[in-house]
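>>> What shape does this take:
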Amino acid sequence: MYFVPIWCSFWSFWVLACMGKHLGSRGCYLFSIFNMCLCSLSSILIFYEICLCNSISYIKCFDWLRLDIISIKWGFIFDSLSSSMLLIITLISLCANIYSVEYMRMDPHNIRFFSYLSLFTFFMIFLVVSDNLLQLFLGWEGVGICSYLLINFWATRVQANKAAILAVMTNKVGDIALLICCVITFTIFKTLDFPIINSCIETCLLISTDIRNIYFDTVCYNKVCYFLVVAAIGKSAQAGLHIWLPEAMEGPTPVSSLIHAATMVTAGIFLLIRCSYFFSNVTNIFILLIFFGSITAFFSSTIGLLQTDIKKVIAYSTCSQLGYMFVCCGFSAYNNSMYHLFNHAFFKALLFLTAGYIIHALHNEQDIRKMGSLLKLLPFSYIMMLVGSLSLIGFPFFSGFYSKDKIIELCFNNYLHYVNIFFTYKYIIFAQILCIIAVIFTLIYSTKLVFYVFLNSYNGFKNTFNSFHFSSICIQIPLFFLSFLSIMSGYVSSDMMVGIGSMFWSKSFFIDTFFLNDSNNIWMNKASFMIHTEYNDYIRNIALMWTIYFIFASIIIVEYFKYFLFYSIISSLSWFRQLFLIVSKKYIFINRLLVLTFFNNIFFFSYNIVYKLFDKGVIEFLGPFGIVSNIKMLFCFQNKLQSGLIYHYAGFMFLTLIFLIHFLFDALYY
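Modelled structure (predicted):
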């Protein structure tokens, strides 16, 4: 049962890649969906056995590397963390495969597209169930390769080529950081297995600081933590390395929903949670996580506010939600971060697939300014977009409300007063302000998206309605399933995942020891502390929540009645026009700074040093090409000596004889 998701996804890729032409398009659809159904059913069973039955499974297969002291085995770990991720990956992959049957039906390379989706699912499953860092790195690189292939699937488009190269270059920063992290970790612990490393760190926490400094290299250990954060920043598109995620929307819409909303971009968050034991001794890391998370949530929400591409608006909202998850990890609330990741995957996949539904109906039109009045033509897509948007903004009783509201409360309630032991309070205030502003901006652009697409008057080409495309049930079934999960997942899993006294995550990641007055009674101490703080903060949190939703109602009124007077007054200010230009250009100075300082130097080094000097120079001179060229030159010289004249041959024989006699006399003399 545990190996069914891995083998089914790999078998699906292998069969479609090798025998797809013989199966035909219809056979490939059925085979891929059948394998994804098996993966989903087995993931549900694994989730029940591991998470609901409170168990854990370690599987060691065989040796992978054995060199002197290095011994790495193929191993898999199934705990509540990996089982939850497995459920997300397989369910959304199944929805993306069913959705792609209709969406990619007219594409001539749809078989190759389905094989790429299966390969990505295999590498993502491989990443989340790996029990050591090197095996996780293999899955980490695999999902990066599949991301490049799927972004650049329509390779004839120049923007798709540029977006794929940008994604590879940006993700390589995180890949190199994770590889360095693997090397340093092995240097310190002499192993890469997560259970052994976690046990070593827990042991170090129990001994005194003086003894720990003797047997523990603190400097190298801190470097491991910083490189882990850099790897997560690259893969999860945090501020500075976020530029690849919105540009990756050049790929097909099912790719955006599967890879760049629900699974691959959350791999950085998964890495932080899986390696949470590493951060237990390095408190400065939490400041870094809070800083990057809050900055990302703020900047992404401001950019999404002024975007006109429907997919890029949703893409920047993804960056913003990933920033919230980083903030949670910075507050050591890994359970809240994983809970929001679990809910976010469903409603964000729903938003992307609904956007693809609208784009498909309007013949690939993505500009929301050219849409409008689609409520009458596409009422089903309106309901789906409304459900996804309400979940995104955290409207009460939708899935986003249960997880996002906990994150906002996390920044304000007394539960985090212990952070002040390590941090200055100004860092907490900084995160509070940026997160609240990001929440308000999320309300604005979500309302703007629904208003411009469905409620506003139509502003596009009139002949679009003459050839309006209505999608089949293959697109509607995944949307309905994801909408159901977007409504119910938060309520159903709230008490299970983040409820008081819950044991759901107890065996998956580091639990903060601040609450431990008695080491044998961890959860009761934490539960009593949480109950006390919840009563103290109840009134304040309710007031905060309803203040935010009052702003939401005000925004709806302003957008609906079009109070252009307010906009005309604000837009007359010169500083507002300049700020508007900067934000609408996606803070282009950040992109240019990154390109000038990093990408241009990488391209220069790659072309002039690695390619021209090393590949075309040293390797070709010393390699097969150089040897063949030298042999040809020798034979050409020999052919010139073959003149056919006897005195030329006699002269060469005479010179050779003199040389041999001279060499013989020198040898005898010495």
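>>> For the residue most central in space within the chain, give me its contacts.
The residue lying closest to the centre of the chain (C-alpha atoms, centre = their mean) is Val265, at 1.5 Å. With contact set as C-beta atoms under 8 Å, 6 or more residues apart in numbering, Val265 has these partners: Lys235, Ser236, Ala237, Leu245, Ile259, Thr318, Leu322. Every residue, glycine included, has its C-beta placed from N, CA and C.
>>> Can you give me the pLDDT of the fourth one?
At Leu245 the predicted local confidence, pLDDT, stands at 85.
>>> ok, now the last one?
You'll see Leu322 listed with a pLDDT of 91.
>>> so who does it touch?
Listed by C-beta under 8 Å, 6+ apart, the contact partners of Leu322 are Ser236, Ala237, Gln238, Val265, Thr266, Gly268, Ile269, Thr296.
>>> before we move on, what SS does the last one have?
Secondary structure assignment for Thr296 (DSSP: H, G, I helix; E, B strand; the rest coil): helix.
>>> so it touches Leu241, yeah?
No. Assessed by C-beta atoms under 8 Å, Thr296 is found out of contact with Leu241, at 9.8 Å.
>>> which of these two has more neighbours?
The residue with more neighbours, out of Thr296 and Leu241, is Thr296; 29 against 23, by other C-beta atoms under 10 Å.
>>> Ignoring the adjacent residues along the chain, who's closest to that one?
Gly323 (3.4 Å; C-beta to C-beta, 6 or more residues apart in numbering).
>>> And for Lys370?
The spatially closest residue to Lys370, leaving aside those adjacent along the chain, is Gly460, at 3.9 Å (C-beta to C-beta, 6+ apart).
>>> Surely the one you found and Met371 touch.
Yes. Proximity of Gly460 to Met371 meets the contact threshold set by C-beta under 8 Å, at 6.2 Å.
>>> now the helices for the stretch 251-400 of the chain?
For the stretch 251-400 of the chain, the helices defined by DSSP state H, counting those that start in this stretch cover 253-257, 267-274, 284-305, 310-330, 334-361, 379-393, 399-412.
>>> List just the one of those that sits closest to Cys200.
Comparison of the helices of the stretch 251-400 of the chain against Cys200 by C-beta to C-beta identifies helix 267-274 as nearest, at 15.6 Å.
>>> Could you list every helix and strand in contact with that closest one?
helix 80-103, helix 110-128, helix 133-151, helix 218-235, helix 310-330, helix 334-361 (3 or more C-beta pairs under 8 Å, 6 or more residues apart in numbering; DSSP states H and E).
>>> Next, the angle from that helix to helix 284-305.
With axes from the mean of the first three to the mean of the last three C-alpha atoms, to 10 degrees applied, the angle from helix 267-274 to helix 284-305 works out at 160 degrees.
>>> so helix 267-274 versus helix 110-128, what angle?
For helix 267-274 against helix 110-128, the angle by the same axes, to 10 degrees is 20 degrees.
>>> which other residues reach helix 267-274?
Helix 267-274 is contacted from outside by 81, 85, 124, 127-128, 136, 140, 143, 174, 178, 194, 228-229, 231-236, 238, 279, 289, 322, 325-326, 329, 334, 337-338, 341, 508-509, using C-beta under 8 Å, 6+ apart.
>>> Can you give the domain ranges for the chain?
334-496+536-568, 624-670 (automatic domain parsing).
>>> Which of these comes out lowest on mean pLDDT?
Across those, domain 624-670 has the smallest mean pLDDT, namely a mean of 70.
>>> Which residue, other than its chain neighbours, is closest to Ile77?
With C-beta to C-beta, 6+ apart, the residue lying closest to Ile77 is Asp131, at 3.9 Å.
>>> how close does the one you found get to Ile56?
As judged by C-beta to C-beta, to the nearest Å, Asp131 and Ile56 stand 11 Å apart.
>>> which one of these two has more residues nearby?
Shown here are Asp131 and Ile56; by other C-beta under 10 Å, Asp131 has more neighbours (23 against 16).
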